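Participant: how would this look folded up:
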Amino acid sequence: MKRKQPAFKYNIAMLLDDNELDNFINQKTLEATYFANTIYVNTGSKSAIEFLKNIELTCTENFDIFPEVIFIDINLPMIDGFQFIEMLKTSFSKRYSSLKVVILTSSVSHSDREKAKKISKDIIFLNKPLTQEALNQI
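Facilitator: The predicted structure is shown next:
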């Protein structure tokens, strides 16, 4: 008897965090909750932008593998999460409006929340750890 495939909320999600343990835990949470069928994991902003540019080059009308949701830590070396989001907006302007951007951080600073709102009112701001309840907001 063939087993029925679970219903995923999204086809593709991406995690961006320089902490590999956080990435591992968050990836397992996304998998366990059937949040996304495919999960890309990146540890640096610059490499994540290059990765997304390469993905966009491969996408066609019938084969789109660009993430629908991107979880971003704001405390990243060299290019922080806010700078990464600005780069997303300019490098992928056509896709940005349909992309769900989620800041996933340990920061409890009110100024970080305000900074995210200034970039875009559509940014979802979540605190670590990632939970089922938090994923229900997305």
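Participant: what about the residue minimising distance to the centre of the chain, which helix or strand?
Facilitator: Nearest to the mean C-alpha position of the chain, by Cα atoms, centre = their mean, lies residue 70 at 1.4 Å. According to DSSP states H and E, residue 70 maps onto strand 69-72.
Participant: this structure: helices as residue ranges?
Facilitator: 20-32, 45-58, 81-91, 93-96, 110-119, 132-135 (DSSP state H).
Participant: go through the first one and flag the buried ones.
Facilitator: Okay, so that is helix 20-32. 22-23, 26-27, 29-30 (16 or more other Cβ atoms under 10 Å). In this view, the C-beta of every residue, glycine as well, is placed from N, C-alpha and C.
Participant: circling back to that earlier point, could you report the neighbour count for the closest residue to the residue nearest to the centre of the chain other than its chain neighbours?
Facilitator: Leaving aside its chain neighbours, residue 70 sits nearest to residue 14 (4.6 Å; criterion: Cβ to Cβ, 6 or more residues apart in numbering). If you count neighbours by other Cβ atoms under 10 Å, residue 14 ends up with 23.
Participant: distance of residue 14 from residue 39?
Facilitator: 7 Å (Cβ to Cβ, to the nearest Å).
Participant: kindly report the same for residue 53.
Facilitator: Counting by Cβ to Cβ, the gap from residue 53 to residue 39 is 19 Å.
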